[in-house]
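> Please find the sequence and the predicted model below.
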There are 2 protein chains.
Amino acid sequence: MGNLSLRLVQQFKFLIEIDKLKMIERQNKISDSSRRENSAEHSWHLAMLAVVLAEHSSAPVDILKVIKMLLVHDLVEIDAGDTFIHDPHAQELQNQKEATAAERIFALLPEGQRQELHGYWKEFEKGETAEASFAKALDRVQPALLHEATDAIVWQEFGTTLAQINSRMKEVRENTPALWPKVRSVIDKAVANGRLGF
Amino acid sequence: MGNLSLRLVQQFKFLIEIDKLKMIERQNKISDSSRRENSAEHSWHLAMLAVVLAEHSSAPVDILKVIKMLLVHDLVEIDAGDTFIHDPHAQELQNQKEATAAERIFALLPEGQRQELHGYWKEFEKGETAEASFAKALDRVQPALLHEATDAIVWQEFGTTLAQINSRMKEVRENTPALWPKVRSVIDKAVANGRLGF
């Protein structure tokens, strides 16, 4: 790559490093139940939810920022993995691992882009802006769509409880009430089918 | 879903239908060579290339439009599959299948969004606007990054020739000359290693 600028070398290094997100397995299964979902295709699906559901955000959002946020929000899993989500102690340790991962991964980018993309990740994690609130709600709605398609078998497999899911779905109820009836219908059906414990 | 609007019902139907893109296998392997790439994670990777490499587009682009175009550009493969790319006759048949697929899939969306997203797909296929030119170039650059990481073994596996690749990479040479040296270095190395035939 003798005639590539340092900037391009850094950009390509980052772009091949993040290919590893395709190797991070999530708990949820894809809609035909054939296998678990990975975090890269999950991020694509979330970006599509943002494009299609933008009008249902409670507050007006900069949709480009929402999409960029969703595209990068799981990159830290390359180092930190995808964790069991309902254990508060595990969550605290995970947060530390993810912050360290973000430092390493975004540092591959040239100055300027490093701060921009790292900034989207931090903003998503804090969840305080309209864009982050909407993005976080979509990150809850998308698994609900997969649970509906797969008869919520994964919830039963992991011994998930209704209380855990109600807590996890808080972002949808509070940030995007327009999308809550759909998620509630998935939860109600899972309860009726014995997929969620008490 | 008794209390969901028809609009939301249509949007959710589209969003779960497109989950099938995760089941479409491409020829290329992901960067650790462990398996072939699917078209959903490929689309995520392309959107990330757009975010990071936007400054290298020859003409100024509306980056939101480029990203939306890349997110939807492969949806037609849900019905039409991912094809052998170097055969002109197969390509013609494939184009017809893809146009039919686009009609079906985008029709799941509510009025307005249907035209918008179908429009991005048609614009990408025509490749005439600055956004489509840049998006098409990225769709060639991303596989080159994977070929570099996997020692271009897939090119050898499929008996790909240098002439086929030079023809396929025309979009990069012409639309984004700034990215061409990188792609050329991948091709040169593949030739040196006997991965590309003559």
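Received the coordinates, thanks.

> Pull out the CA atoms of stretch A:77-94 and give them to me as PDB.
Extracted in PDB, the C-alpha atoms of stretch A:77-94 (Å, rounded to 0.1, in the frame of the first residue of the first chain):
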ATOM      1  CA  GLU A  77     -18.700  -6.500  21.500                       C
ATOM      2  CA  ILE A  78     -15.800  -7.400  19.300                       C
ATOM      3  CA  ASP A  79     -13.700  -7.300  22.500                       C
ATOM      4  CA  ALA A  80     -16.300  -7.500  25.200                       C
ATOM      5  CA  GLY A  81     -18.700 -10.100  23.700                       C
ATOM      6  CA  ASP A  82     -22.500 -10.100  24.000                       C
ATOM      7  CA  THR A  83     -23.600 -10.600  27.600                       C
ATOM      8  CA  PHE A  84     -26.400 -12.000  29.700                       C
ATOM      9  CA  ILE A  85     -28.500  -8.900  30.000                       C
ATOM     10  CA  HIS A  86     -30.600  -9.200  33.200                       C
ATOM     11  CA  ASP A  87     -27.800  -9.500  35.800                       C
ATOM     12  CA  PRO A  88     -26.900  -6.000  37.300                       C
ATOM     13  CA  HIS A  89     -23.500  -7.100  38.600                       C
ATOM     14  CA  ALA A  90     -22.500  -8.700  35.300                       C
ATOM     15  CA  GLN A  91     -23.800  -5.500  33.600                       C
ATOM     16  CA  GLU A  92     -21.400  -3.300  35.700                       C
ATOM     17  CA  LEU A  93     -18.400  -5.400  34.700                       C
ATOM     18  CA  GLN A  94     -19.500  -5.400  31.100                       C
END
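
> Enumerate the positions of it that are buried.
A:E77, A:I78, A:D79, A:A80, A:D82, A:T83, A:H86, A:Q94 (16 or more other C-beta atoms under 10 Å in any protein chain shown). (Glycine included, C-beta is placed from N, CA and C.)

> and what of stretch A:156-172?
Within stretch A:156-172, the residues scored as buried using 16+ other C-beta under 10 Å are A:T160, A:L162, A:Q164, A:I165, A:M169, A:E171, A:V172.

> Now do it: distance from first to last residue.
Stretch A:156-172 has an end-to-end distance of 22 Å (criterion: C-alpha to C-alpha, to the nearest Å).

> which residue sits closest to the residue most central in space within chain A, ignoring its sequence neighbours?
Central residue of chain A (C-alpha atoms, centre = their mean): A:D139, 4.7 Å from the mean position. Nearest residue to A:D139, sequence neighbours excluded (C-beta to C-beta, 6 or more residues apart in numbering or on different chains): A:L46, at 6.2 Å.

> Pull up the per-residue confidence for that neighbour.
pLDDT for A:L46: 98.

> Kindly calculate the angle that the helix or strand containing it makes with helix B:39-53.
Using DSSP states H and E, A:L46 falls within helix A:39-53. Interaxial angle, helix A:39-53 versus helix B:39-53 (axes from the mean of the first three to the mean of the last three C-alpha atoms, to 10 degrees): 80 degrees.

> I'd like the next helix or strand past helix A:39-53.
That would be, after helix A:39-53 and using DSSP H and E, helix A:63-72.
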